[in-house]
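J.: Here you go, sequence then predicted model.
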Amino acid sequence: MKLLTPAASIAVILLQLVPGTLAILPSGAIDVKCVDEGECEYTMFASQASFGSWLEMTAENNVARIPYLPPSDDPLLCLGSSAPLQAASEFIMVAPRGECTFEQKALNAQKLGASGLIIYGNLDSRYSLNSTKTEMDEEGSDIIYPREFFDYDCNKASAEIPIAALKFDQTPYDSRNDMLLSGTAARGNLCAYQNSDFEASCPSEKCLLTGNVEESTMKACCAWDQHIWLYKDTNTTDEENLVTIPALYLTMAEADILLQNMEMNRIEITMYSRYAPQYNMSSVIIWAWGTLVAAVAAWMSSADYRHATKNRSSQQEARSEDNSNPTGPHEYERVDNGAQVMTHHQEESLELGASDAIGFILLSSTGLLVLFFFQIFNVVKCFYAFGCAGAIFQVIFYPLFRKFSTREKVAFTTKFLELGPVSNLQIAAAFISYGLAAIWMYISFTQRHPDSILFFWVMQDIMGACMCIMFLSTIKLNSIRVACILLTAAFFYDIFFVFVTPYLTGGKSIMVDVATSGGPPKADPAWCEKYPDDPDCQGGDPLPMLFTIPRIGDYSGGSSMLGLGDIVLPGLLLSFAARFDDAKRFMGSAYPTKSYLRPLVVAYAVGLAMANIAVYAMQMGQPALLYLVPCCLGTMTYLGWKRGELDELWNTPQVIIASDKRLFGDYEEESTSEASNSLPIRQMT
């Protein structure tokens, strides 16, 4: 029995590991348009609230309204005036953040008659008062200053501000300081004036006072200005105070522009949700790509039979012309029974028996558990890139160079890894194959979320396709009996590691955890947007043993993915069907030639489409084998029964045995004790 090469062994483990945010996304948008003589028309993105109504997608499905500021006696919109504003038309309230909860502001805006609410960030909201009583029952007030890293970062930019230049007439913060702590040095920003690098180092161009006083100065640091999630007030349970209007959040920089336009022009604003397709075209593309790769890989796995059939036909034509036996790419020998056998060289391959199928699943499970507990994901990437480079060499570049080269010269001969003679074409093909894989691996290690880079995901899909082709050309099964054992075991393997393991590991799905390189980031998305290199912000990127297509026309990003295991496992059955079809053609007209491969490709496409639909219906990833195994195995079994070939397909078909004897010169059976558990193993000569 032939053994797998080390690279193939790695592929067996890795291809079974895959089944199927680091920032708060601004899912809403605001279109601003001047309705007077002023010229202004632009769009700002905003984050949406977890309370109130959800806006319709696109501006065309929403109404433009006039923006209003809160009443002068309630500038923060926290007092809750019960009298609606006397507005000429429907309006949207624009209020600053601070003092009360987001939902309370929305409720108060709703009571004033607003059709929507825009909350914007400001420096004032980052300060608060901490009122306590001492043991002497004397009430005091302490200012709670903004928090380092959460509200500001001194590592980006900082400055020592003269206390005499600041205003402290109001507590906890005097809003008149905003002009002194915002903008450029030319506009009066004291932070930028005291620190010449402030404007270049602080993206927000705003700074917050830290409360750290040294002699006559107070330290101020660069303020964060990001979208936040308008969370629901958990203390609000009164149904009468239910918020029904939509609410959006703008950053300080966006608010500065909007408030300036409101002051200088008469404007209308349209609030809406950004467009996101309900069913993304990337899902259709990856479905088509997965089906194509499975079909092509299965078809190429039976190339020996097709080439032999073609060569035999050519030789028969040549004999009829000159009544001679031409010398071609195949030679003929006599065997003991007198039959003429065509000897043919083929790359090393392994036929799976029943015991091999069980071992295959056990080995995959072991590899999955090792990755789950030891988290050696970078090692996996290195092995995968190395293995895929060899697959690209074998499938694309070396055959391509041989096709267009008139002469292949031997460059040198080596015993290293039993390579033997190495040609100039092999050197060139290897240089390109391993060079591309090295570039891909470099990007995977140096770029954050590289799946959005065109070269990276295209190269990954090409590498995955070549790996599938090499896998199905090397690993084969020759009976439905072994296919039933392997695919049924894989069926439950997928279900167990996706759906059952969360009950055994405290909520973690082993398959999902491994497939996403340790699971999603542990830290809050807002924190990870500020500090993406934090260890708690790592993870979430899928392992590379999959096809990936970035989502098309979706602002939220992401990709549609299909694990290579969902290609090669059903692909083993498709490969069996392809070899059964071509073996019958090779043996001549004595065997019926109704195709099994074409119906199985259709069944595979249907099963993969069902998995795709289930992802959208259930809004969660699906183990594709849950749908592929019944479709493919059921189709093969039904066709075999209907054509009266089920008994032959259940065990090794005689036509495959006969074809291998003619093609390779021998086909040895395993011992009787092993035969009950495994199919015959082919010995190539």
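T.: Received the coordinates, thanks.
J.: now the strands for the stretch 201-350 of the chain?
T.: 207-214, 217-223, 247-250, 267-273, 331-334, 340-343, 350-351 (DSSP state E, counting those that start in this stretch).
J.: Name the nearest residue to residue 182, sequence neighbours excluded.
T.: Spatial nearest neighbour of residue 182, excluding adjacent residues (C-beta to C-beta, 6 or more residues apart in numbering): residue 206 at 4.8 Å. Any C-beta I mention is one placed from the backbone N, CA and C, and that applies to glycine too.
J.: How many residues are close by residue 185?
T.: Residues lying near residue 185 (other C-beta atoms under 10 Å) number 16.
J.: and it, how far is that from residue 122?
T.: Going from residue 185 to residue 122 by C-beta to C-beta, to the nearest Å gives 21 Å.
J.: Over to residue 520?
T.: Counting by C-beta to C-beta - residue 520 and residue 122 are separated by 31 Å.
J.: rewinding a little: so what's the residue nearest to residue 182 up against?
T.: Going by C-beta atoms under 8 Å, 6 or more residues apart in numbering, residue 206 touches 123, 181-183, 222-223, 225, 252.
J.: Looking at those residues, which one is closest to residue 394?
T.: Distance to residue 394, by C-beta to C-beta, is smallest for residue 225 among these, at 52.8 Å.
J.: circling back: and the residue nearest to residue 182, what pLDDT?
T.: Turning to residue 206, the model gives it a pLDDT of 92.
J.: for residue 536, same thing?
T.: The per-residue pLDDT reported for residue 536 equals 82.
J.: Just to be sure, it is in a helix?
T.: Yes. Assessed with DSSP: H, G, I helix; E, B strand; the rest coil, residue 536 lies in a helix.
J.: shift numbering so it begins at 58
T.: Yep, numbering from 58; the last one is residue 593 now.
J.: Which helix or strand contains residue 217?
T.: Using DSSP states H and E, residue 217 sits within strand 209-219.
J.: count of residues packed around residue 475?
T.: Here the count is done by other C-beta under 10 Å, and residue 475 has 6 residues near it.
J.: With the one 4 residues further on instead?
T.: Counted with other C-beta under 10 Å, residues neighbouring residue 479 total 15.
J.: and it, helix, strand or coil?
T.: With three-state DSSP as the basis, residue 479 sits in strand.
J.: rewinding a little: between the contacts of residue 263, which is nearest residue 687?
T.: Residue 687 lies nearest to residue 282 out of the contacts of residue 263, by C-beta to C-beta, at 52.9 Å.
J.: Got the phi and psi for the closest one?
T.: With angles defined as degrees, to the nearest 10, residue 282 sits at phi -140, psi 90.
J.: That one and residue 261 touch, don't they?
T.: Yes. Here residue 282 reaches residue 261: they are 3.7 Å apart, a contact under C-beta atoms under 8 Å.
J.: any common contacting residues for the two?
T.: 309-310.
J.: Among these two, which residue is more densely surrounded?
T.: Set side by side, residue 282 and residue 261 show more neighbours around residue 261, with 20 against 17, by other C-beta under 10 Å.
J.: My guess is the more buried one contacts residue 313. True?
T.: No. Using C-beta under 8 Å as the test, residue 261 is too far from residue 313 to be in contact (10.5 Å).
J.: Per-residue pLDDT of the residue nearest to residue 715 when sequence neighbours are not counted, please?
T.: With sequence-adjacent residues excluded and distances taken as C-beta to C-beta, 6+ apart, residue 715 is closest to residue 644, at 5.9 Å. On pLDDT, residue 644 comes in at 82.
J.: quick one, what contacts residue 644?
T.: Residue 644 makes contact with 712, 715-716, 719 under the criterion C-beta under 8 Å, 6+ apart.
J.: I figured residue 694 hits residue 537, correct?
T.: Yes. Using C-beta under 8 Å, residue 694 is in contact with residue 537, at 6.4 Å.
J.: Mind listing the shared neighbours of those two?
T.: The contact sets of residue 694 and residue 537 overlap at residue 703 (C-beta under 8 Å, 6+ apart).
J.: of these two, who's got more company?
T.: More crowded of residue 694 and residue 537, by other C-beta under 10 Å: residue 537, with 21 against 16.
J.: quick one: that one from residue 657, how far?
T.: 12 Å.
J.: Between those two, which contacts overlap?
T.: When contacts are counted by C-beta under 8 Å, 6+ apart, residue 537 and residue 657 are jointly contacted by residue 693.
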